[in-house]
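**Q** Starting from these lines, generate the structure:
(2 chains, ligands or ions: 1)
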Amino acid sequence: MAQKNYAGKQIEVTEEGYLVSPDDWTKELAVEMAKEDGIELSDKHFEVLEYLRKEYAAGTALSIRKVGKSGIVDIKGLYSLFPGGPLKLSSKYAGIPKPASCV
Amino acid sequence: MKRIVILGAGTAGTMIANKLRKSLDKEEWKITIADSDKLHYYQPGFLFIPFGIYNREDVIKPKSDFMPAGVDVIYSAIDKVDAGKNIVILEGGKILNYDYLIIATGTKTYPEETPGLTDKLWYKEIFDFYTIEGATALRNFIKGWEGGKLVMAITEIPFKCPVAPLEFVFLADDYFTKKGIRDKVDITYVTPMSGAFTKPVATKMLSELMEEKNIKVVPDFYIEKIDNDSKKLISYDEKEIPFDLLTVVPVNMGDKMIERSGLGDDMNFVPVNKETLQSEQYENIFVLGDASNIPTSKAGSVAHFAAETLYENLMNAIEGRPLLAKFDGHANCYIETGGGKGALIDFNYETEPLPGTFPLPGIGPFGLLKNTKINHYGKIMFRWIYWHILLKGKELPVEPLMTMAGKKKII
Ligand SMILES: Cc1cc2nc3c(=O)[nH]c(=O)nc-3n(C[C@H](O)[C@H](O)[C@H](O)COP(=O)(O)OP(=O)(O)OC[C@H]3O[C@@H](n4cnc5c(N)ncnc54)[C@H](O)[C@@H]3O)c2cc1C
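**A** So this is what the prediction gives:
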């Protein structure tokens, strides 16, 4: 565990920079986090982040396919919003845990 | 007379049918189970077929061998459930009424969901080993294969038995080594996840195995399509991986019947309360096995542990009590690591796989997360246990809820 300063606050994050508590999330924090990776968050990005936060709170297991079926963006679109690792990155900026399998 | 209908007579359906028939009064309760297939497949055995360790006969038995007397067995495809009316409609229109419904239709592979997968190389140079057909076709191909690029690719998560593709590459390494052509075979493991392992302790303990065995891992690769002409996997962000032999875990989803019934999420898995195993939508529907959306492994061991909770909660519901039994997501998986060795992992919703011994704290005999010979025998013994104990709904000498005894907390 580590501490990081986002939007003027000390926030607890994991070794890989994911929030320890999704409740610490704010829009400003997301903007700053994404900036570190060179990504400028648009309204479309935020639609994805809000969707992920909502599904996560409902206990849903998330996958790229699922986001692609959400009606917000298709999978190609998701890749252009979050290049490289769309679910990995979007989960990070949404303040939810890193996607994991059982091992 | 009151009625319980069970949909699907695979691992989960068969176990719960046995458990319920034993304890419910035959005069009072009629139990019916429906499945389209007369044969029971021991799916964990599919993994060994490509390497000639098991044959078809080792993994198939008639379903009737495992059905208790006093359960009505119907061999027919299920068209859909009309949950508002408490009825199941079978293919051909026959109707089953129920007071309680248990859904155990599992998960299936849908290779056609990935463009190019079922094209001209399907079952020629591209195979799955999640079906008996795929595993046998792969066996016939591998026998005469002289080497090249072997790619093991996962198309989507979740999929059943998350350790199976890992076991596959370990066994492939072993097989080609024994055949004397390991130097001609290049093995690559492709996953949409951030690594072959995603949990810190398992990563630490198992990733060196991949290195030791010279298996390359390509993480964050999400397959868009397979190009059959150039023999390449192509990802959504336009990365490419060439192959000579492609083995793949196709997209896993629940049965289409779930979709037709309006009971599933967008992967056709039925949303349930992860502790009580009751449907989120209907109080008289419970779900056991791979068919539900509970956030743990889709595995036979999970269905076995969950059966206890489901049974208790069904009794609670029948007798008008609150659903007090709570499932913790307990999973227990042997991992074949090749060379006659195996590892064992044990975990639940909250606790990641930890090292230790199982099932007897401090004694074992199975070493959790350790690569030992005895763990491999565990996997081999499991087939016997599966046919003779598990399916019949008998008790194993293992607690259904996970215990921390015998494990080492290392972080
Ligand atoms: C290669 C491989 C290796 C595995 N290794 C392991 C392991 O080592 N350990 C472990 O614990 N688990 C392992 N598993 C997973 C395990 O086999 C499954 O998790 C388990 O079988 C799930 O049981 P189930 O009853 O939910 O589904 P299934 O056993 O798949 O049964 C579903 C049943 O429903 C029927 N059905 C579905 N839809 C319909 C319909 N519309 N009409 C009529 N019938 C229908 C099907 O015919 C089937 O009989 C492995 C699986 C595979 C493929």
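
**Q** can we go C-alpha only for contacts and neighbour counts from here?
**A** Noted.

**Q** can you pull the buried residues of the longest helix anywhere in chain A?
**A** Determined from DSSP state H, the single longest helix within chain A is helix A:43-57. Applying a neighbour-count criterion of 16 or more other CA atoms under 10 Å in any protein chain shown, the buried positions in helix A:43-57 are A:45-46, A:48-49, A:51-53, A:56.

**Q** Can you verify my assumption that B:N375 contacts B:F382?
**A** No: B:N375 is beyond contact range of B:F382, at 10.5 Å (criterion: CA atoms under 8 Å).

**Q** the more surrounded of the two?
**A** B:N375 (25 against 17; other CA atoms under 10 Å in any protein chain shown).

**Q** picking that back up, what's the longest helix of chain A in contact with?
**A** By CA atoms under 8 Å, 6 or more residues apart in numbering or on different chains, the residues outside helix A:43-57 that reach it are A:62, A:67, A:72-73, A:81, A:90-91, A:93-96.

**Q** Check those against the ligand and report the nearest one.
**A** A:L62 (19.7 Å; CA to the nearest ligand atom).

**Q** coming back round to it: okay, the contacts of helix A:43-57 in a markdown table with secondary structure, distance to B:R182 and neighbour count next?
**A** Formatted as a markdown table, those follow (DSSP: H, G, I helix; E, B strand; the rest coil; distance: CA to CA, whole Å; neighbours: other CA atoms under 10 Å in any protein chain shown):
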| residue | secondary structure | distance to B:R182 | neighbour count |
| --- | --- | --- | --- |
| A:L62 | coil | 37 | 17 |
| A:V67 | helix | 40 | 20 |
| A:I72 | coil | 46 | 15 |
| A:V73 | coil | 44 | 17 |
| A:L81 | helix | 41 | 20 |
| A:S90 | helix | 40 | 23 |
| A:S91 | helix | 39 | 22 |
| A:Y93 | helix | 43 | 29 |
| A:A94 | coil | 44 | 27 |
| A:G95 | coil | 44 | 27 |
| A:I96 | coil | 42 | 22 |
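
**Q** among those, which are within reach of chain B?
**A** Subset of these in contact with chain B: empty, counting by CA under 8 Å from any CA of the partner chain.

**Q** Is it possible to get a markdown table of those that adds distance to the ligand?
**A** Output for these, formatted as a markdown table (distance: CA to the nearest ligand atom, whole Å):
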| residue | distance to the ligand |
| --- | --- |
| A:L62 | 20 |
| A:V67 | 25 |
| A:I72 | 31 |
| A:V73 | 31 |
| A:L81 | 35 |
| A:S90 | 30 |
| A:S91 | 28 |
| A:Y93 | 33 |
| A:A94 | 31 |
| A:G95 | 31 |
| A:I96 | 28 |
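
**Q** How about the contacts made by the spatially closest residue to B:Y110 that is not a sequence neighbour?
**A** Leaving aside its chain neighbours, B:Y110 sits nearest to B:V251 (5.3 Å; criterion: CA to CA, 6 or more residues apart in numbering or on different chains). In this structure, B:V251 makes contact with B:109-111, B:113-114, B:155-157, B:159, judged by CA under 8 Å, 6+ apart.

**Q** again with B:N332
**A** Applying CA under 8 Å, 6+ apart to B:N332 gives the contacts B:301-302, B:344-347.

**Q** And for A:G95?
**A** So A:G95 contacts A:18-19, A:21-25, A:30, A:53 (CA under 8 Å, 6+ apart).

**Q** Which single one of the residues you listed is nearest to chain B?
**A** The closest of the contacts of A:G95 to chain B turns out to be A:Y18 (CA to the nearest CA; 13.9 Å).

**Q** quick one on the thing from earlier: now the phi/psi pair for the residue nearest to B:Y110, please.
**A** phi -50, psi 130 (degrees, to the nearest 10).

**Q** For B:K160, see how far away it is.
**A** Taking CA to CA, to the nearest Å as the measure, B:V251 and B:K160 are separated by 10 Å.

**Q** re earlier: give me the subset of the contacts of B:N332 that lies in strands.
**A** B:344-347 (DSSP state E).

**Q** will you turn these into a markdown table that also has distance to the ligand, neighbour count and pLDDT?
**A** As requested, the ones in strands among the contacts of B:N332 are exported to a markdown table (distance: CA to the nearest ligand atom, whole Å; neighbours: other CA atoms under 10 Å in any protein chain shown; pLDDT from 0 to 100):
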| residue | distance to the ligand | neighbour count | pLDDT |
| --- | --- | --- | --- |
| B:L344 | 10 | 27 | 81 |
| B:I345 | 11 | 25 | 81 |
| B:D346 | 11 | 26 | 83 |
| B:F347 | 13 | 23 | 84 |
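
**Q** Between all of those, which two are separated the most?
**A** Farthest apart among those by CA to CA are B:L344 and B:F347. That separation is 10.3 Å.

**Q** one step back: let me have the buried residues of helix A:43-57 in JSON lines, adding pLDDT and distance to B:G45 as columns.
**A** Shown next, in JSON lines, are the buried residues of helix A:43-57 (pLDDT from 0 to 100; distance: CA to CA, whole Å):
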{"residue": "A:H45", "pLDDT": "98", "distance to B:G45": "44"}
{"residue": "A:F46", "pLDDT": "98", "distance to B:G45": "45"}
{"residue": "A:V48", "pLDDT": "97", "distance to B:G45": "41"}
{"residue": "A:L49", "pLDDT": "98", "distance to B:G45": "41"}
{"residue": "A:Y51", "pLDDT": "97", "distance to B:G45": "40"}
{"residue": "A:L52", "pLDDT": "96", "distance to B:G45": "37"}
{"residue": "A:R53", "pLDDT": "97", "distance to B:G45": "39"}
{"residue": "A:Y56", "pLDDT": "92", "distance to B:G45": "35"}
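
**Q** Closest one of the residues you listed to B:S76?
**A** Nearest member of the buried residues of helix A:43-57 to B:S76, counting by CA to CA, is A:Y56, at 37.6 Å.

**Q** Just list the residues touching the nearest residue to A:V20 once chain neighbours are set aside, thanks.
**A** Spatial nearest neighbour of A:V20, excluding adjacent residues (CA to CA, 6+ apart): A:V13 at 5.1 Å. A:V13 sits next to A:1-4, A:19-20 when contact means CA under 8 Å, 6+ apart.

**Q** again, 6 Å this time
**A** A:1-3, A:19-20 (CA atoms under 6 Å, 6 or more residues apart in numbering or on different chains).

**Q** looking at it, B:Y100 is touching B:L7, isn't it?
**A** No: at 11.2 Å, B:Y100 does not count as touching B:L7 under the criterion of CA atoms under 6 Å.

**Q** Settle it for me: which of those two has more neighbours?
**A** Shown here are B:Y100 and B:L7; by other CA under 10 Å, B:L7 has more neighbours (27 against 22).

**Q** Can you check what pLDDT the model gives the more buried one?
**A** At B:L7, the predicted lDDT confidence score is 98.

**Q** what kind of secondary structure is A:I11 in?
**A** Reduced to three states with DSSP: H, G, I helix; E, B strand; the rest coil, the structure at A:I11 is strand.

**Q** Could you do B:F159 as well?
**A** B:F159, by the three-state scheme (three-state DSSP), is coil.

**Q** which ones are touching it?
**A** B:N252.

**Q** Quick one: residues contacting A:D74.
**A** Counted by CA under 6 Å, 6+ apart, A:D74 has contacts A:G68.

**Q** how close does it sit to chain B?
**A** 11 Å (CA to the nearest CA, to the nearest Å).

**Q** What pLDDT is listed against residue 50?
**A** All of this refers to chain A. 97.

**Q** wrong chain, I was asking about chain B
**A** Reported pLDDT for B:P50: 97.
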